[in-house]
Structures are given as structure tokens and as C-alpha cells.
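**Q** sequence first, then the predicted structure, then my questions.
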Amino acid sequence: MAIGWYLTVSALVFCIGAAGVMTRRSPLVILLCLELMLNAANLSLIAFSRMWGNGDGQIFAIIVMVVAACEVCIGLGLVVAMFRRRLPIDVDEMRELHG
Amino acid sequence: MAAVFFFIAGIGAIAGAIGVATVRNPFYAVLALVCHLLSLAALFLLLRAEFIAAAQVVVYAGAVMVLYVFVVAYVGSQDEPVRPAGGPGLRVASIVFATLLAVELFIAVLGSGLKGIDGKGAPYEPGFGSPAAIGELLLTRFLFPFEAASFLLLMAAVGAVVLARRRGGLEGGDEEVVRAIPTRLPKGAGSIAEGVGIINPTADLERPAIGAGAVDADQERGR
């Protein structure tokens, strides 16, 4: 398969993830859609790595996976903290940054 | 053959992504993301990135998704309210924005005259994408990003502990639990406080203990 097909799949997944981040309200689902966007970027990085025949893109993809794991860690910690303070699990209700 | 596998995996990835973005129940959204990640790992295999595909399955679809499932089970998989966020106008605007982004990316990908995109990539050499090649690159050319990533992981772990710990005594729900536990035992019940001498069980033995007093009052009412 040509590299362009992989890039097409990557672009589609990225846009679906962006639409999800903008339309959903639960922070859990927003984190999931962020994962989608990061994975779409990973797919295109690995496709370009295959295109050039060297491993730099794959290293980049590994670093992106590390950053995604950190983001999940902090994001889920925030969701758990919101749940324990009896706050609504809804990004529209979280308007004030204090406490 | 590769084309068949590509289309199966690509359709799986896109269907999983649509499922994540549209399913109301967060638990099913997590399952759709697992499907998406497995399909993506198959695409990585088709691109000869064996190590990344294995890491994707083990780390992402395994560990990170287990973390998600735990948090969804802890928070409770409450469905989102149907009312759209900030009125219907904002929702339509965001979908239009995402569609425009897709159109722009398709123009960039398909409309570009780059020769490399239409080809199948560089000729395959044995060892490309293997753990040995990745490890050598990580420890020689990309040593600094590797160390920075490990430090970032450390910071994220410490940050998660700080976020999730209990600060300043008990929080809302726990006080009710503590109140439900009977802390005043009747005198002479043999509690640890009596054992170490904080409470003297023989100080006011004439007065009936709490539980016994209630029983006496009932008996008197019966008489």
C-alpha cells in the first residue's frame, strides 16, 4: 500500500478525535479523544519513518506514547479528585479555577 | 494481501475512533478505543514497525486502558446528559470546524505532488524497526529525548500521587462513615482506651452505661 493511504487514515482519525474533543462534555471521553489524536499523529510518524527507511520517526512515536501516558496519568488523577470532592464530572460545570 | 489487511485494519481503526467520539457510555467508549488501538497496531505491523506495534498492544491497549477502565468503574459510568454543551450553535460550529480540518488535511495529503507519498517507501532492510535497532537509536542518537521522557514520566507519577492523596483530614463522604461507627462504648466493655488507662471503667460504675440505660428505661416503661 502507498504511504498516502496511511496518511489518509491518520487524517481521518485525527479529525474524528478533534470533533470528539470539541463536542463531548465528560472529561473521561475528552481524554479518550485526545488519545485518538495522539495516535493519529503516531500513525503518520511511523508512515513517514517507513517512507524514509530510518527509525527516527519510530523513536518520535515512542516519545509521543510516553507523553500520552503522562497525560492520562494526570488527567485521570484530576477526574478522581473531582469525583471525591463531589464536583460534577462535566467540563462545562468547571468554570472556576480555585481550591 | 497487504491491501486486504490494510483495509481491514484501517476500517477497524476508523470505526473505533467514531465509536469513541459518539458512544454515550464512557465504558463502551473505552472498549471502542481498545478496538481502535489494536487495529492501529496492525497498521504499524504493516509499516514494519514491529517493536512499536508490540508496545502499542502491551502498554497502550493493556496498561493504559486498564487504568481507564478502573477510573470509569470508580467514577461510575454515568451517561452524559443529552443537552448539548453551550447550546446547539457551538456543537454545529465545532463539527463544521472538524470537517474543515478534515478537508484541509485531505487536500494536503492527496493534493500534494510529493513522489514519496505515492510510493511504498524505502526498500526494506532486515532489522528495520526491530527492538535492537530501536534500542540502539534510543541510547545513542536520541539519548537526551530518552532521558527527558523518563524524567517526564517521573514528574507525572509524582503529580498523580499529589493529586490523588487526601489532604487535610477527612473529606465529605468519609465523615458519615466515621459517624456511623459507634465510638462511645459502654463502660467496662474492655476497649483499648480502657486498657491503656485513658478511661477508668470503675470511676462511675453506679451510673448505668449507655446501652444498659436504654434497656432500663424500656423495662420501666413496661412496668
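**A** Yep, that arrived.
**Q** element containing residue B:91, please.
**A** Counting by DSSP states H and E, the element that carries residue B:91 is helix B:87-110.
**Q** quick one: that helix near chain A?
**A** Yes: against chain A, helix B:87-110 shows contacts by C-beta under 8 Å from any C-beta of the partner chain at B:91, B:94-95, B:97-99, B:101-102, B:105-106, B:108-110. Yep, even glycine has a C-beta here, placed from its N, CA and C like the rest.
**Q** hmm, who's touching that helix?
**A** Contact partners of helix B:87-110, identified using C-beta atoms under 8 Å, 6 or more residues apart in numbering or on different chains, comprise A:4, A:7-8, A:11-12, A:14-16, A:18-19, A:22-23, B:84-85, B:117.
**Q** pull the contacting residues for residue 10.
**A** Since you didn't name a chain, this refers to chain A. With contacts defined as C-beta under 8 Å, 6+ apart, residue A:10 is in contact with A:40-41, A:43-44, A:47.
**Q** um, chain B though
**A** By C-beta under 8 Å, 6+ apart, the contact set of residue B:10 is A:5, A:9, B:39, B:43.
**Q** looking at those, which are in helices?
**A** A:5, A:9, B:39, B:43 (DSSP state H).
**Q** and the closest residue to the third one other than its chain neighbours, which helix or strand is it part of?
**A** What sits nearest to residue B:39 in space, not counting adjacent residues and going by C-beta to C-beta, 6 or more residues apart in numbering or on different chains, is residue B:12, at 3.4 Å. If you go by DSSP H and E, residue B:12 is part of helix B:2-22.
**Q** low-confidence ranges, chain B, go.
**A** Within chain B, the segments meeting pLDDT under 70 span B:77-87, B:166-191, B:193, B:195, B:198-223.
**Q** from the centroid of it, which residue is nearest?
**A** If you average the C-alpha coordinates of chain B and look for the closest C-alpha using C-alpha atoms, centre = their mean, you land on residue B:68, 2.7 Å from that point.
**Q** regarding chain A, what is its longest helix?
**A** helix A:56-84.
**Q** other SSEs contacting it?
**A** Applying 3 or more C-beta pairs under 8 Å, 6 or more residues apart in numbering or on different chains; DSSP states H and E, one finds that helix A:56-84 contacts helix A:27-52, helix B:50-55, helix B:65-75, helix B:131-139, helix B:143-164.
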